[in-house]
Structure formats: structure tokens, C-alpha cells
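Asks: Just the structure for this:
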Amino acid sequence: MESTAIKLGDTTENPRETISAASMRYFSVTCAMSAAERDAVFRIRYNVYCEEFGFEDPSLSPERLERDAYDDSSIHALVTHRATGK
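Replies: Got it, this is the predicted structure:
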């Protein structure tokens, strides 16, 4: 069975390409500036910290957005897989 893993930094085709340059072929990075983008960040955090790993109590975030005291002074980034948009 052939692996479907993305091999970041595989420099076979371009030996001078850096890992970060190679990753940009697969992912886009944007700053979450709008309320909708920030909510997307908080929703992902909820999925990871409350549901997937159970680090946070889901009942503390009934709107399914995980937030903390540092969010108002933080810069949030969204990393999106180019092929799937997720």
C-alpha cells in the first residue's frame, strides 16, 4: 500500500527549496482578522482542546468556541490545507 503522507521538505525536485517554501505548496497561512475568522480559530481550538484531547471542559464553552483571557491581545493564524480547504 502506497503512503499518502505529505513529505514536506522533500527536495528531490528542487534541492534548494526550504521546508517552509515546500509547505506553502500544500498550506496557506492567514491572520484571523475578522470576527468570522477568529471564530473559526476558536472553533478549531474547541474541537482540539475540548473534544479531541479533552484538555478543556466542553460545558464551559456552550457555543463550541474555546476562548481564553489572552485572545483579545493575541494574533491568531489560520493554516488551511490548499487541496481540501480545511
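Asks: helices and strands of the chain: which one bottoms out on pLDDT?
Replies: Evaluated with mean pLDDT, DSSP states H and E, the helix-and-strand set of the chain has its lowest mean pLDDT in helix 19-24, which scores a mean of 86.
Asks: Does the helix or strand following that one pack against any helices or strands, and if so which?
Replies: For helix 19-24, the following helix or strand on the C-terminal side (DSSP states H and E) is strand 27-31. Counting contacts by 3 or more CB pairs under 8 Å, 6 or more residues apart in numbering; DSSP states H and E, strand 27-31 packs against strand 77-81. The C-beta positions use only the backbone N, C-alpha and C, and glycine is treated the same way.
Asks: Of all the residues in the least confident helix or strand of the chain, which ones are buried?
Replies: The neighbour-count criterion (16 or more other CB atoms under 10 Å) identifies Ala22 as the buried residues of helix 19-24.
Asks: Pull the number of nearby residues for the residue nearest to Ser61 when sequence neighbours are not counted.
Replies: Using CB to CB, 6 or more residues apart in numbering and skipping the chain neighbours, the partner closest in space to Ser61 is Tyr46 (5.7 Å). Neighbours of Tyr46 under the rule other CB atoms under 10 Å: 19.
Asks: What of Arg64?
Replies: The number of residues packed near Arg64 is 13, by other CB under 10 Å.
Asks: Thanks again, I'm all set now.
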